[in-house]
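A.B. asks: Just need the structure, nothing else, for what follows:
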Amino acid sequence: MGFGDLKTPTGLKLLNDFLQERSYIEGYVPSQSDIAVFDAVSSPPPSDLVHALRWYNHMLSYQKEKTSLPGVKRPLGEYGPAGVPDSTCAAPAAASKDDEEDFDLFGSEDEEESAETARQNEERIAAYNAKKAKKPALIAKSSILLDVKPWDDETDMEKLEECVRSIVMEGLLWGQSKLVPVGYGIRKLQIGCVVEDDKVGTDILEEQITAFEDFVQSMDVAAFNKI
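C.D. replies: You can find the predicted model right below:
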């Protein structure tokens, strides 16, 4: 697994595709995995790689505190999509002239190019255009942090969280959670989620969460960020 060389357009494209459905390299919070990949990117990704650029700009804000982020920083080749050769440990051998000819997308440049070679070129270009046309449209998403408050200190918080996570909707993905003291022995549930903007809104989340009225007193949005 890996991203290949993140200083090349190919590596950055792999990173952009990988982050299309993710906020971070691993998990739902910044970690040493993000730092490992960030350090391998020499400059901001181009504007057309929107997911990689969004992630890069977000990680810039963590540079002063990057050593305090959770996790253990592993070799770069251990992150990213499966099936991509790790080119970070050793430089690849220089390609021979014959190798370059073997992988020439447009085949031989001889003026006497055969009809078979021309046909193969046309097929390759058609396949490339078809693949490009199938590229999925960008889906607008948001990362939301919710504060769910119980009635009192006797509320079963484990059951409360179980109720919240039982809410299942298309375009909703629950993340990490923790209990935060609010005073007088009462703790609130702070839970994160990622939503598709055109399918899930904070109003419907509040409606469904507060429906568990035996456990939930109220719900507030603690943080809301576009992804």
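
A.B. asks: how near is the residue lying closest to residue 199 once chain neighbours are set aside to residue 197?
C.D. replies: Closest residue in space to residue 199, ignoring its immediate chain neighbours: residue 171 at 3.2 Å, by C-beta to C-beta, 6 or more residues apart in numbering. Where C-beta positions appear, they are placed from N, C-alpha and C, glycine not excepted. Distance of residue 171 to residue 197, given as C-beta to C-beta, to the nearest Å: 8 Å.

A.B. asks: do residue 122 as well
C.D. replies: Distance of residue 122 to residue 197, computed by C-beta to C-beta: 41 Å.

A.B. asks: And the two? Which one has more around it.
C.D. replies: residue 197 (13 against 10; other C-beta atoms under 10 Å).

A.B. asks: The more buried one reaches residue 140, doesn't it?
C.D. replies: Yes. Under the criterion of C-beta atoms under 8 Å, residue 197 makes contact with residue 140 at 4.3 Å.

A.B. asks: Give the buried residues for the longest helix anywhere in the chain.
C.D. replies: Longest helix in the chain by number of residues (criterion: DSSP state H): helix 115-133. Buried positions in helix 115-133, judged by neighbour count with 16 or more other C-beta atoms under 10 Å: residue 121.

A.B. asks: Could I get the full set of strands for the chain?
C.D. replies: 141-150, 172-183, 186-196, 216-226 (DSSP state E).

A.B. asks: Just list the residues touching the residue nearest to residue 165 when sequence neighbours are not counted, thanks.
C.D. replies: Once flanking residues are discounted, residue 165 sits nearest to residue 174: 5.4 Å by C-beta to C-beta, 6+ apart. Neighbouring residues of residue 174 by C-beta atoms under 8 Å, 6 or more residues apart in numbering: 164, 165, 191, 192, 193.
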